[in-house]
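Chemist: Sequence and predicted structure, then a few things I'm wondering about:
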Amino acid sequence: MPSTAIVWLRRDLRVHDHPPLAAALAAHDQVVPAFVLDPALLHGRFASAPRTAFLLDCLRELEAALRERGGGLVVRHGAPERELPALARDAGATAVYWASDATPYALARDRRVREALRRAGVEAIRGPGNFVADVGRARTKGGKPFTVFTPFHHAWSALERRPLLPAPSRLPALPRGLDRGALPSLAQLGLGGGDALAAPAVQAGEAAARDAFAAWLAGDLAAYGDRHDRLAVGSSRLSPHLRFGTLSPREVEERAQRHGGAGAAAFTRQLAWRDFFAHVLLHHPGNRLHEHQQPMRALAWDDDAALLAAWQDGRTGYPLVDAGMRELRASGWMHNRARLVVGSFLTKDLQLDWRAGEAWFMRWLLDGDVAQNNGNWQWIALVGVDPAPAFRRLLNPTLQQRRHDPDGAYVRRWVPELRGVPDERLAEPWRMSEAEQAAAGCVVGRDYPAPVVDHAHERRRALERYRAASAARAT
Ligand SMILES: Cc1cc2nc3c(=O)[nH]c(=O)nc-3n(C[C@H](O)[C@H](O)[C@H](O)COP(=O)(O)OP(=O)(O)OC[C@H]3O[C@@H](n4cnc5c(N)ncnc54)[C@H](O)[C@@H]3O)c2cc1C
């Protein structure tokens, strides 16, 4: 009787450097790679048609890669704690392997799955694969989890790294007669008529991921340290691949380090932010719903549906904010510098709750990831870990545009009505005279909105709100 194991794929949709797959192959004759479409995620708080479409494309490609190697992918639809024991029974599997994750939902789900497998007499074997290092292990000298990035980065850099694993050249065939299931379409999942991206920023699947990474290593990585904040160029766009595991974070780190140089050092430091925010949510699951800093839970937010809609649609009258928001909606991605600017703008210029921004990002981002998105939103809203004085993260959208999009290439790409506006007016189109507006073919208030708020005024209000919350802490 051959021994059989299931490899439960979740957000690690690849064959290269896949520890659970390698471990299962080493210990069993038959291996059944399986993906469970979980309604709680597909239709939950952070449901997203664009991200689900990306997921399905990744799965289609993974299925082909597994078949090419002689194996296949089994697809089930339902609660994993029901589907996996049933699949283990049908396949005659005695063990299920998977890569650990860090979000509260993943941890609770995995506990339910482990318990259901235990009852069915099936072993549950967890391994690494979703992060560069073991995000659960990093500790301060006092033995506590980190809440400040720089010391985390220090400790994280010293954590042990596992060796990279090659992709298996051959896979055992799936057990005879086992129902493979089928990958549904977006419409079959009930998400077909919803949000769609006009021009996705990133192509799905492991092959595209590996090509993009190879091009990044050979090209722009070297200049990353100097150029990562440049809006029109600069960063790797690998985040959706790291989100779905079409690239292994560990492999990305190692190959970047092998490349060497200042660009690679700056880039791997960004990978540490990813592990950091997973570490934070792992140890502070309540952050999912509330501010990490307790006094900031008392911050008063405005409630203005019209301003929120202007922000979501990219109609605030601040060109950089509008460019970022339109990039998000058209492509499912936004440059990190733009994310910071629109995040600061929502929470400090519009005085709106960071959770509205978190939810909007999760609806559209291909890399939308609970730990990363929540951690970054709390960071820019100044309510989370890694605290700083309010003025440090209160970004001026006009100055940010001049600094990080000096030739206007980014803004002109995403806000076409501003294309004719000259460079010196592009960050503040409302300052154009009537004659300048006519010459630029852009009348402010007709072709492009006037600013919905006054930054200088809102800045003072925001500083006052944060000061009041901090003062309440002190008393
Ligand atoms: C408000 C806000 C929300 C965000 N939401 C998400 C999210 O849902 N998912 C997500 O992956 N990133 C999120 N980020 C972080 C960051 O903006 C993206 O990871 C980055 O822009 C992705 O582009 P890139 O792959 O070109 O990054 P690069 O600059 O090339 O960096 C390489 C990798 O490092 C990691 N990284 C870089 N910056 C950060 C960061 N600040 N935090 C965590 N990891 C980082 C990413 O995995 C990224 O792919 C958010 C940032 C902000 C300010």
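Modeler: Looks like it came in fine.
Chemist: Near the closest residue in space to Ala182 that isn't next to it in sequence, how many other residues are there?
Modeler: Excluding its sequence neighbours, the residue lying closest to Ala182 (Cβ to Cβ, 6 or more residues apart in numbering) is Val75, at 6.2 Å. Backbone N, C-alpha and C define where each C-beta goes, glycine included. Neighbour count for Val75, taken as other Cβ atoms under 10 Å: 18.
Chemist: Give me the packing partners of the helix or strand harbouring Val75, helices and strands only.
Modeler: In the assignment (DSSP states H and E), Val75 maps to strand 74-77. Counting contacts by 3 or more Cβ pairs under 8 Å, 6 or more residues apart in numbering; DSSP states H and E, strand 74-77 is packed against strand 30-37, helix 80-91.
Chemist: Using PDB, write down the CA coordinates of it.
Modeler: Only the C-alpha atoms of strand 74-77 are listed here, as PDB (Å, rounded to 0.1, in the frame of the first residue of the first chain):
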ATOM      1  CA  VAL A  74      -7.000  18.800  -6.700                       C
ATOM      2  CA  VAL A  75      -9.500  21.600  -6.200                       C
ATOM      3  CA  ARG A  76     -12.200  21.600  -3.500                       C
ATOM      4  CA  HIS A  77     -14.700  24.300  -2.600                       C
END
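Chemist: That one pairs with which strands, and in what direction?
Modeler: Taking DSSP bridges as the criterion, strand 74-77 forms sheet pairs with strand 30-37 (parallel).
Chemist: How much space separates the residue nearest to Ala182 from the ligand?
Modeler: 25 Å (Cβ to the nearest ligand atom, to the nearest Å).
Chemist: Return the most buried member of the helices and strands packed on strand 74-77.
Modeler: Neighbour counts (mean count of other Cβ atoms under 10 Å) averaged over each of the helices and strands packed on strand 74-77 peak at strand 30-37, with a mean of 25.
Chemist: quick one: average confidence on the following helix or strand past that one?
Modeler: Downstream of strand 30-37, the next assigned helix or strand under DSSP H and E is helix 39-42. The average pLDDT within helix 39-42 is 97.
Chemist: Stretch 102-110 now?
Modeler: The model assigns stretch 102-110 a mean pLDDT of 97.
Chemist: quick one on the thing from earlier: my guess is the residue nearest to Ala182 meets Asp179, correct?
Modeler: No - using Cβ atoms under 8 Å, Val75 is not in contact with Asp179, being 9.5 Å away.
Chemist: The helices and strands packed on strand 74-77: which one's closest to the ligand?
Modeler: Of all the helices and strands packed on strand 74-77, strand 30-37 sits nearest to the ligand, with 20.8 Å by Cβ to the nearest ligand atom.
Chemist: tell me which parts of the protein are close to the ligand?
Modeler: Neighbours of the ligand within the chain, by Cβ under 6 Å from any ligand atom: 228, 235-239, 242-243, 267, 270-271, 273-274, 277, 336, 339-340, 343, 361, 365, 367-369, 372-373, 376-377, 380.
Chemist: Surely Met334 is in contact with Asp367?
Modeler: No - with contact defined as Cβ under 8 Å, Met334 does not count as touching Asp367 (9.4 Å).
Chemist: returning to that earlier point: which of the helices and strands packed on strand 74-77 sits closest to Ala309?
Modeler: Closest approach to Ala309 among the helices and strands packed on strand 74-77 is made by strand 30-37 (32.0 Å; Cβ to Cβ).
Chemist: chain center to that closest one: distance?
Modeler: Centroid separation for strand 30-37 versus its chain: 24 Å, with Cα atoms, centre = their mean, to the nearest Å.
Chemist: go on, stretch 324-333?
Modeler: 14 Å.
Chemist: Just the local confidence number for Ala474, please.
Modeler: Here, the pLDDT recorded for Ala474 equals 57.
Chemist: How about Met1?
Modeler: Met1 is assigned 78 on the pLDDT scale.
Chemist: Next, count neighbours for the closest residue in space to it that isn't next to it in sequence.
Modeler: Once flanking residues are discounted, Met1 sits nearest to Gly92: 7.8 Å by Cβ to Cβ, 6+ apart. By other Cβ under 10 Å, 14 other residues sit near Gly92.
Chemist: swap in the one 4 residues further on?
Modeler: By the criterion of other Cβ under 10 Å, Val96 has 27 neighbours.
Chemist: Select from the residues of the chain next to the ligand every entry located in helices.
Modeler: Assigned to helices by DSSP state H, the following of the residues of the chain next to the ligand qualify: 239, 242-243, 267, 270-271, 273-274, 277, 336, 339-340, 343, 361, 372-373, 376-377, 380.
Chemist: Quick check: phi and psi on the closest residue to Arg269 other than its chain neighbours?
Modeler: Once flanking residues are discounted, Arg269 sits nearest to His153: 6.5 Å by Cβ to Cβ, 6+ apart. Backbone torsions for His153, taken as degrees, to the nearest 10, come to phi -60, psi -40.
Chemist: can you tell me how far His153 sits from Phe345?
Modeler: From His153 across to Phe345, the span is 28 Å (Cβ to Cβ, to the nearest Å).
Chemist: More neighbours: which of those two?
Modeler: Ranked by neighbour count (other Cβ under 10 Å), His153 and Phe345 place Phe345 first, with 30 against 18.
Chemist: show me what contacts the residue nearest to Ala34 when sequence neighbours are not counted?
Modeler: Leaving aside its chain neighbours, Ala34 sits nearest to Val74 (4.4 Å; criterion: Cβ to Cβ, 6+ apart). Under the criterion of Cβ atoms under 8 Å, 6 or more residues apart in numbering, the neighbours of Val74 are 32-35, 87, 91, 174, 178-181.
Chemist: And the strands in this structure, which stretches?
Modeler: In the chain, the segments counted as strands under DSSP state E are 4-9, 30-37, 74-77, 93-99, 123-127.
Chemist: Format these as TSV; extra columns: distance to Glu424.
Modeler: Converted to TSV, the strands of the chain look like this (distance: least, Cβ to Cβ, whole Å):
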stretch	distance to Glu424
strand 4-9	52
strand 30-37	52
strand 74-77	56
strand 93-99	51
strand 123-127	56
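Chemist: Make sure Asp461 is actually in contact with Leu350.
Modeler: That one is not Asp; residue 461 is Arg. No - using Cβ under 8 Å, Arg461 is not in contact with Leu350; the gap is 10.5 Å.
Chemist: Quick check: pLDDT value at the residue nearest to Ala182.
Modeler: 98.
Chemist: in the sheet, who's paired with it?
Modeler: Beta-bridge partners for Val75, by DSSP bridges, are Phe35.
Chemist: List the contacts of it.
Modeler: Val75 makes contact with 34-37, 59, 180-183, according to Cβ under 8 Å, 6+ apart.
Chemist: could you redo the last one with a cut-off of 7 Å?
Modeler: Contact analysis of Val75 by Cβ atoms under 7 Å, 6 or more residues apart in numbering lists 35, 37, 180-183.
Chemist: same deal with Pro249?
Modeler: Listed by Cβ under 7 Å, 6+ apart, the contact partners of Pro249 are 131-132, 242, 271, 274.
Chemist: Now with 6 Å, please.
Modeler: By Cβ atoms under 6 Å, 6 or more residues apart in numbering, the residues touching Pro249 are 131-132, 242.
Chemist: of Arg461 and Leu350, who's got more company?
Modeler: The neighbour comparison of Arg461 against Leu350 (other Cβ under 10 Å) goes to Leu350, with 23 against 14.
Chemist: Nearest residue to the more buried one in space, please, no chain neighbours.
Modeler: Closest residue to Leu350 apart from its sequence neighbours, by Cβ to Cβ, 6+ apart: Leu307 at 4.9 Å.
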